[in-house]
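Undergrad: Pasted the sequence and its predicted model underneath.
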Amino acid sequence: MDADGVETHDVIVVGAGVSGIYQIKRLVDAGFDAVVLEADPDLGGTWYRNRYPGARFDSESYTYGYSFSRELLDEWHWTERFSPQPENLKYLQFVADKFDLRPHMRFDCRVETMTWDENDRRWTLDLVGGRRYRSRFVITSVGPLSIPTLPSYEGMDTFDGPSFHTYHWPAEPVELAGKRVGVIGTGATGIQVIAEIADKVGELTVFQRRPNWSTPLNNSPISDEEMAEIRARYDEIFANCAASPGGFEHVPDWRGFWNLTADERRERWDELYDQPGFAILAGNFAEIFWDEQANREISDYIADRIRQRVDDPSLAEKLIPRDHGFGMQRLPLETNYFEAYNRDNVRLVDLSETPIERITAAGIQTTGEHHDLDLIVYATGFDAITGGYDRLDVRGVDGVRLGDKWRNGPSTYIGVFSSGFPNLLMVAGPQSVSGSTNFPRAIETGVDWVTDLLLHVRERGCTRVEARPEAEEEWVDEVVRAHERMLFRRSKGWFTGYNSNVAGHQEGQVRYQAYFGGAPRYTEVIDRAAADGYPALDLR
Ligand code: NA7
C-alpha cells in the first residue's frame, strides 16, 4: 500500500486467461509481489467468455495445454482430440486451483487507464468503478480476441427476441428447439455455431457476407489408452511443436509442390483432408502460401470437396470463396458444416446479392425480403490483436497514448515492448507469433522470456526498461518482410491483412499485426536477445 492508500505491487498482470494464468504462476514462483487484474467475474478469458454451442479448440488438445508441469500433464485427461469449451474452462480452473493461483487474482477489475509516471518509474492503473492500483511493471495478457465487434445496422436495438454476439452467449441455457434462428457471420466462430445448432433449431438462416474456406476438424474421443500414449509422448509432442513453423505437430510437406505430379499432389491432399485439425494447412506444401499457381490448385481442390458435400450445385458455388485463396485467412475447421446446408430447415442468405437493410422488431430485412426470426446471433468477429490495447487508454512517456502511436497499426520490439512505454511488457502481443501460430505454445515461450527478463532486471536493481527505438524499427521491418512474402498480404481477415470487422480499418491499409516468420525463427530471435544481455533494451 502506498502512502496515499493505493494498493501497490512489483508487477501487475492484466488479464487472467491462458497467458495471465501461466504468467502469474511464474511470477509467484520467482518471488515477485504480483497480482492479476481480470475484468470478468472469474478466470479463463477466451474460454470463460465463448460459451456458444460448438466452441472448441482447433488445436489438438494435448498441444494446447500447458507444458510447464509434468505433474499437470500426468493428471489431466483430455477427453476429445479437440476439446470443447466447458472442458477447456474446467482445465484452466483446475490449473489455477492446483497451483493455488486464485489468491493472486482480483476479479471484476476492468482496467480503464494506465498512466506512466516518469519520476516514480511506476504505472498507475485506474479501474472502471474508480479503484486504483500501482506497480513498477505491468504485463498485459489481454488476449488477441477479447474485443467483439458488432455491425451497426439500423434497428439492432429494436429486435423483440434475444440477440447477442457469440462472445456474449449467455451462461444459462438458450432455448433453441423450434426457434427461428439467424446467424450473421461465417468466420471460424459462425461455422462452429451453424454446424452445431443446425439440427437443434426450428429454422436456421445464415447471413453470409463472404464465404470462407473450411475443412473438416476430424475430431474424435480420446480413450484412456490413447491418453496414456499421449502422456508417454509429451516431450516429443512439445519438441515437435517447437520445431514446426506453426507450433503444431503438423509439419510442412517439403518434397516441393512442383517436384510432384498433379495426381501425386491430389493423393497427398486426399490424405490430409481426412487428417485431424490443421493438417491440411500446416502439413501442406509450403508453396501454397507464396506461389499463386500452387495456391490456385489447392483452392480448386478444396472447392471440389465443397461441391461434393453440398447437394444443391448453385448453393455450393455460393459457399466457395472467390476473393481469396485457400489458407489466405484464418482457416475455420468444421464438423458437418457443409452438410448443414443440405437440411430442409437451413437456408443461406448471400449478403453480396441481398445486403441487410436493417434489423426489425421481428427479424432481418434484406434488400430481397424480410426474414422472421426469434433469435439473432452475431458471429461477427473481433477487433483482433490491437483492440484490447486500444480500449485500455495507455499513456506512456510525456503522456503519449499507445492508441495514437498505433493508429495505423502496431509497432513493437518482438511483440513485447513498444518504445515510449517503459516497463510495459506484452504477452502474446501484436507482432509476436501468437496470432499466427498455435497460441498457447507461443504464450509459454513469451511468458518464460518476460519472466527471465524481470529476473535479470531484479538482479541488476534496474527500475526502468524500454525498447530502443532503432531495435523496434528493425523488428517491424522483419515483420513487414515476413508478411509481404505471403500471398495473404492482399486478403481481408483479422490477422492477415486488414480487419473487415472493424469500422475504420481501411481496405488496402495493411496493419502488420502478427509475425509470420514462424515459431522457430521467433524463438531464435528472442533467445538470442536474452543470451546477448538484451542489447535492444535500455535498462536503467
Ligand atoms: P472472423 O473470422 O473475423 O469472422 C467474422 C465474420 O463476421 C465474417 O464472416 C465477416 O464477414 C462477418 N461480418 C463481420 N461484420 C459483418 C457485418 N457487418 N455484416 C455481415 N457480416 C459481417 O471472426 P470469428 O469470431 O469467426 O473468428 C475469430 C477467431 O475466433 C477465430 O479465428 C478463432 O481463432 C477464434 P467478412 O468475411 O468480413 O465478409
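TA: That came in fine, so what should we check first? All of these numbers come straight from a predicted model, not from anything done at the bench.
Undergrad: C-alpha from now on. contacts and neighbour counts both.
TA: Noted.
Undergrad: any idea where the strands of the stretch 301-450 of the chain begin and end?
TA: With DSSP state E, counting those that start in this stretch as the criterion, the stretch 301-450 of the chain has strands at 333-334, 346-350, 356-359, 363-366, 370-372, 375-378, 394-395, 424-426.
Undergrad: Kindly reformat those as a markdown table and extend each row with mean neighbour count, mean pLDDT and distance to A16.
TA: Formatted as a markdown table, those follow (neighbours: other C-alpha atoms under 10 Å; pLDDT from 0 to 100; distance: least, C-alpha to C-alpha, whole Å):
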| stretch | mean neighbour count | mean pLDDT | distance to A16 |
| --- | --- | --- | --- |
| strand 333-334 | 24 | 98 | 26 |
| strand 346-350 | 19 | 98 | 38 |
| strand 356-359 | 19 | 98 | 35 |
| strand 363-366 | 21 | 98 | 37 |
| strand 370-372 | 16 | 98 | 40 |
| strand 375-378 | 23 | 98 | 25 |
| strand 394-395 | 22 | 98 | 19 |
| strand 424-426 | 25 | 98 | 14 |
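Undergrad: Is it possible to get JSON lines of those that adds distance to the ligand?
TA: Converted to JSON lines, those look like this (distance: least, C-alpha to the nearest ligand atom, whole Å):
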{"stretch": "strand 333-334", "distance to the ligand": "10"}
{"stretch": "strand 346-350", "distance to the ligand": "10"}
{"stretch": "strand 356-359", "distance to the ligand": "8"}
{"stretch": "strand 363-366", "distance to the ligand": "11"}
{"stretch": "strand 370-372", "distance to the ligand": "15"}
{"stretch": "strand 375-378", "distance to the ligand": "8"}
{"stretch": "strand 394-395", "distance to the ligand": "25"}
{"stretch": "strand 424-426", "distance to the ligand": "19"}
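Undergrad: For those, please prepare a markdown table with the additional fields distance to P173.
TA: Listed next are the strands of the stretch 301-450 of the chain as a markdown table, based on distance: least, C-alpha to C-alpha, whole Å:
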| stretch | distance to P173 |
| --- | --- |
| strand 333-334 | 23 |
| strand 346-350 | 22 |
| strand 356-359 | 24 |
| strand 363-366 | 22 |
| strand 370-372 | 22 |
| strand 375-378 | 14 |
| strand 394-395 | 37 |
| strand 424-426 | 36 |
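Undergrad: and of these, who's closest to E317?
TA: Nearest to E317 among the strands of the stretch 301-450 of the chain is strand 346-350; the distance by C-alpha to C-alpha comes to 11.1 Å.
Undergrad: name the helices or strands packed onto the closest one?
TA: Packed against strand 346-350 by the contact rule (3 or more C-alpha pairs under 8 Å, 6 or more residues apart in numbering; DSSP states H and E) you find strand 203-208.
Undergrad: how about the next helix-or-strand element following the strand it packs on against the ligand, any contact?
TA: Next helix or strand after strand 203-208 toward the C-terminus (DSSP states H and E): strand 215-216. No - judged by C-alpha under 6 Å from any ligand atom, strand 215-216 and the ligand are separated, with a smallest distance of 13.6 Å.
Undergrad: Make residue 1 into 852 and carry on from there
TA: Yep, numbering from 852; the last one is strand 1066-1067 now.
Undergrad: Tell me the helix or strand right after strand 1066-1067.
TA: Beyond strand 1066-1067 in the direction of the C-terminus, DSSP H and E gives the next helix or strand as helix 1075-1094.
Undergrad: Mind picking out the helix or strand in the protein with the poorest mean pLDDT?
TA: Every helix and strand of the chain was ranked by mean pLDDT, DSSP states H and E. The lowest is helix 1238-1241, at a mean of 90.
Undergrad: Alpha carbons of that one, as PDB, please.
TA: C-alpha atoms of helix 1238-1241 as PDB (Å, rounded to 0.1, in the frame of the first residue of the first chain):
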ATOM      1  CA  GLY A1238      -8.300  -4.000 -30.000                       C
ATOM      2  CA  GLY A1239      -7.600  -4.900 -26.300                       C
ATOM      3  CA  TYR A1240      -4.800  -2.300 -26.300                       C
ATOM      4  CA  ASP A1241      -6.900   0.400 -28.000                       C
END
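Undergrad: which strands and helices sit next to that helix?
TA: In terms of contacts (3+ C-alpha pairs under 8 Å, 6+ apart), helix 1238-1241 is packed against helix 1253-1256.
Undergrad: Pull out the buried residues from the helix it packs on.
TA: Of the residues in helix 1253-1256, L1253, G1254 count as buried by neighbour count, 16 or more other C-alpha atoms under 10 Å.
Undergrad: what does stretch 1069-1085 give?
TA: N1069, N1070, I1073, M1078, I1081, R1082, Y1085.
Undergrad: And stretch 1165-1185, by the same measure?
TA: Residues of stretch 1165-1185 classed as buried under the neighbour-count rule (16+ other C-alpha under 10 Å) are 1166-1172, 1175-1185.
Undergrad: do the least confident helix or strand of the chain and the ligand meet?
TA: No - using C-alpha under 6 Å from any ligand atom, helix 1238-1241 never reaches the ligand; the gap is at least 12.7 Å.
Undergrad: nearest spatial neighbour of G871, skipping sequence neighbours?
TA: S992 (5.5 Å; C-alpha to C-alpha, 6 or more residues apart in numbering).
Undergrad: OK, contacts around the one you found?
TA: Shown in contact with S992 (C-alpha atoms under 8 Å, 6 or more residues apart in numbering): V864, V865, G866, A867, G868, S870, G871, M1277, V1278, A1279, G1280.
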